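Dropping the sequence and predicted coords here.
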Amino acid sequence: MRALGVNTWVWTSPLTGADLDRIAPRVAGWGFDVIELPVEDVDDWDPGRARDLLDGLGLAPSVVLVMGPGRELVATDPGTRRATQDYLRRVVDMAATVGSPVAAGPAYASVGRTWRMTPAERSALASELTEALAPVVAHAAGAGVRLAVEPLNRYETSVLNTVDQGLELLADLPVEHCGLALDVYHMNIEERDVPAAILRAGDRVAHVQVCANDRGAPGADHLDWSGIVDALDTIGHRGPLVIESFTAENATIATAASIWRPLAATQDAIAVDGLAFLRSLPSGR
């Protein structure tokens, strides 16, 4: 049975310890297996305390990193790169402490930063990213955490949009410690065939986030869900499917994710309806 999860961004941003105390029991009560914890700043919530809370509720954690303004690994100055590497290492440490097998997210450039590149510039950027990620991946390996690098759609980054780009960018990093985080929202925009892209990603798939094509509840959309889960089964990926969506009530996250209208009758419905749909899939539960 594949585990099913939900990201706390459905309700709040940034996540705090008090938020987690309020949200986690409800998530467990609905029947989720996993709760996903964003780390916008490393002091927002305590991973040891979170681990104890989730253990008591029977919830497993997954952790996502956040590349806000000023967090850059490529096309930046050495000081910014070092500070970003330090942030990523601390997220890895939080993931290890709370018990998450992954630290997932767009670990290369701040979300929303885009610029045009020639083929030569893109090739140089790939080498730069490999060099910048290598010490973070080594730290993750020592902590028993897999870094999962997420392609985003073209409106949110110009660095990494597709599975094929991700496979090229990560080619020189160890697959057992560094993989791809696949988000079907971005894949729906950037991949011509989502299941085929999953098959190409193969053992690089480290984490999977799901939602409708408009960021609403999975299933209320036009996506090929049977094809998606069949592809994941074919490559042998048995990690959780985690619902990621956002609340329009938080100005920062709503602007970053372009959430301009309600995506469901309530935020709870995104989680509850999405869970029911994912459970109905042949390999969802």
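Noted; the coordinates are in hand. Just so it is clear, the model here is predicted, and its values are computed rather than measured.

what's the average pLDDT for stretch 198-215?
Per-region confidence: stretch 198-215 scores 97 on mean pLDDT.

Buried ones in that stretch, by neighbour count?
198-202, 204-212, 214-215 (16 or more other CB atoms under 10 Å). (Each C-beta comes from the backbone N, C-alpha and C, glycine too.)

quick one, phi psi at Ser258?
Here is the backbone geometry of Ser258 (degrees, to the nearest 10): phi 60, psi 50.

OK, contacts around it?
With contact set as CB atoms under 8 Å, 6 or more residues apart in numbering, Ser258 has these partners: Tyr155.

burial of Ala60, as a residue count?
Residues contacting Ala60 under the criterion other CB atoms under 10 Å number 19.

same question, Pro69
As a measure of burial, Pro69 has 10 neighbours, counting by other CB under 10 Å.

That one against Thr84, yeah?
No - between Pro69 and Thr84 there is no contact under CB atoms under 8 Å: 11.4 Å.

which two in the buried residues of stretch 198-215 are spaced the farthest apart?
Farthest-apart pair in the buried residues of stretch 198-215 is Gly202 and Asp214; separation 28.5 Å (CB to CB).

which outside residues touch stretch 193-206?
102, 104, 146-148, 162-164, 166-167, 170, 175, 178-182, 184, 187-188, 191, 223-224, 227-228, 230-232, 234-237, 239.

Tell me the gap between that stretch and the middle of its chain.
Stretch 193-206 sits 15 Å away from the centroid of its parent chain (CA atoms, centre = their mean, to the nearest Å).

Pull out the buried residues from stretch 168-178.
Applying 16+ other CB under 10 Å to stretch 168-178 flags 169-170, 173, 177-178 as buried.

Equivalent analysis for stretch 254-270, please.
Buried residues in stretch 254-270 (16+ other CB under 10 Å): 254, 256-257, 259, 263-264, 267, 269-270.

Can you give me the end-to-end span of that stretch?
End-to-end distance for stretch 254-270, by CA to CA, to the nearest Å: 16 Å.

State the distance from Arg2 to Leu57.
Arg2 is 20 Å from Leu57, where distance means CB to CB, to the nearest Å.

higher neighbour count, the two?
Arg2 (19 against 16).

Name the SS class of that one, please.
When classified by DSSP: H, G, I helix; E, B strand; the rest coil, Arg2 comes out as coil.

Which parts of the stretch 1-150 of the chain are strands?
Ranges of strands in the stretch 1-150 of the chain, per DSSP state E, counting those that start in this stretch, are 4-7, 34-39, 60-65, 102-105, 146-149.

relative to strand 60-65, how tilted is the second one?
This points to strand 34-39. Between the axes of strand 34-39 and strand 60-65, defined by axes from the mean of the first three to the mean of the last three CA atoms, to 10 degrees, the angle is 30 degrees.

Which elements pack onto strand 34-39?
strand 4-7, helix 17-30, strand 60-65, helix 78-98 (3 or more CB pairs under 8 Å, 6 or more residues apart in numbering; DSSP states H and E).
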